[in-house]
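Student: Just a sequence and a predicted model for now, questions to come.
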Amino acid sequence: MSELTQEQQDQLAYQKEYDAEMERLNAADAAKTAPTTAPATAQVELPKETEPPKEGEVVEPPKEEESVEQLRERLAKTEKAIKDTQAWGTKNAQELAQLRREREQQQRLASRPQILDQAPELEQAIRHVVGDTAKQNPAEEQHAAWLAQVEKVHPGIFSLPNDDPLVANLSKKMQEMGESWNDPLEVIRVVTEEKLALKERQVGQRFAQAAAQQAKKSAMSVPGASSSGTTQRAPEDDVKKEVDRMWNMSDAEFAKMAQKVKGF
């Protein structure tokens, strides 16, 4: 078990003293509210005779019991002393941090290359570059964290080719979202929705192609009106119209047709 800090020790001491004083307060209040009349059969004890003090013995006066107000006042003083101790500890910690910074500054000055004394403009250039890098680091770290969170849920999402349909949809969503695009949770939600929507469209297109091919095959062999039962080719314009109609369907129509083809 690790040792307690000074602040934790002060808090424990204050808590123990506070609990003890509260017990005394409760006992004092209980004594005030207790019945003062004793039963008729109770025997009254006579005060015991005290021996006279011996010669040279110092007689201490009887201790007076503290009142409730005195106890509360003492508790307030104790609490103030603990708060002062905490403030003192905080001040010491701040002073210690300041001393540590000053010591690090002295160490940097002691290890400063002599060439910087001979070329002050070189030192200014170095400070300029280091300062710009320090300013860019927080933004770069934040962007790296953003990328890591999104790629953890959607691996490879940022390495898709530019002609991928999902890239075009996400680029449009990024413009619509504005500042919300900086929130990785929002980006993850949008990417998930776009992936599902794209998959539904692709499934619908596959069913549309299959249905169009089936319609084309059916249209190419239509029973004729002659008694011999010969077949005649349907006009190609009708087949083309059917294919175009399926290709121009909306997402809702695609989904509805896909359910119909599946037999639902």
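Tutor: Structure's in. What do you need? Numbering: from 1, shown residues only.
Student: Show the average pLDDT along the longest helix along the chain.
Tutor: Among the segments of the chain that qualify as a helix by DSSP state H, the longest is helix 68-110. Along helix 68-110, the predicted local confidence has a mean pLDDT of 74.
Student: Summarise which helices and strands that helix is packed against.
Tutor: For helix 68-110, the helices and strands in contact under the criterion 3 or more Cβ pairs under 8 Å, 6 or more residues apart in numbering; DSSP states H and E are helix 6-33. Quick note: C-beta positions are derived from backbone N, CA and C, even for glycine.
Student: report the angle between the axes of the helix it packs on and helix 68-110?
Tutor: Inter-element angle recorded for helix 6-33 and helix 68-110: 170 degrees (by axes from the mean of the first three to the mean of the last three Cα atoms, to 10 degrees).
Student: For helix 6-33, give the mean pLDDT please.
Tutor: Model confidence over helix 6-33, given as mean pLDDT, is 75.
Student: I'd like to know which elements it is packed against.
Tutor: If you count contacts as 3+ Cβ pairs under 8 Å, 6+ apart, helix 6-33 packs onto helix 68-110.
Student: you'd agree N182 is up against W146?
Tutor: Yes - the pair N182 and W146 passes the contact test of Cβ atoms under 8 Å, sitting 7.0 Å apart.
Student: Just want to know which of the two has more residues nearby.
Tutor: Just comparing N182 and W146: by other Cβ atoms under 10 Å the higher neighbour count belongs to W146, 15 against 12.
Student: roughly how far apart are the more buried one and L166?
Tutor: Relative to L166, W146 is positioned 19 Å away (Cβ to Cβ, to the nearest Å).
Student: for the protein, what helix or strand is lowest in average pLDDT?
Tutor: Of all helical and strand segments in the chain, the minimum by mean pLDDT, DSSP states H and E falls on strand 231-232, at a mean of 50.
Student: Buried residues in the helix or strand hosting G204, which are they?
Tutor: Using DSSP states H and E, G204 sits in helix 184-220. Using 16 or more other Cβ atoms under 10 Å as the burial criterion, the residues of helix 184-220 that qualify are 184, 187-188, 190-191, 194, 204, 207-208, 211-212, 215-216.
Student: Output the below-cut-off pLDDT ranges for the stretch 151-264 of the chain.
Tutor: Counting by pLDDT under 70, the low-confidence segments of the stretch 151-264 of the chain come to 219-244, 246, 258-264.
Student: Spell out which residues sit in contact with V187, please.
Tutor: Remark: with contacts taken as Cβ atoms under 8 Å, 6 or more residues apart in numbering, V187 is in contact with W146, V150, W181.
Student: so what's the first one closest to, chain neighbours aside?
Tutor: The reference is to W146. Using Cβ to Cβ, 6 or more residues apart in numbering and skipping residues adjacent in sequence, the residue nearest W146 is P184, 5.1 Å away.
Student: Isn't the one you found up against Q149?
Tutor: Yes - between P184 and Q149 there is a contact under Cβ under 8 Å: 4.0 Å.
Student: Residue ranges of each domain in the protein, please.
Tutor: 1-29+83-111, 157-221+234-262 (automatic domain parsing).
Student: and the ones you listed, which is most packed in?
Tutor: For these, the stretch with the most neighbours on average is domain 157-221+234-262, a mean of 13; neighbours defined as mean count of other Cβ atoms under 10 Å.
Student: now the angle from the helix or strand hosting A168 to helix 184-220?
Tutor: Secondary structure assignment for A168, by DSSP H and E: helix 165-177. When the same axes, to 10 degrees is applied, the directions of helix 165-177 and helix 184-220 differ by 130 degrees.
Student: which helices and strands does helix 165-177 pack with?
Tutor: By contact count (3+ Cβ pairs under 8 Å, 6+ apart), the secondary structure elements abutting helix 165-177 are helix 184-220.
Student: So for R72, what's the nearest residue that isn't a sequence neighbour?
Tutor: Taking Cβ to Cβ, 6+ apart as the measure, R72 lies nearest to L25, with 7.8 Å between them; neighbours along the chain are not counted.
Student: Isn't that neighbour up against L71?
Tutor: Yes - contact status for L25 versus L71: in contact at 5.8 Å, counting by Cβ under 8 Å.
Student: Appreciated, that's everything.
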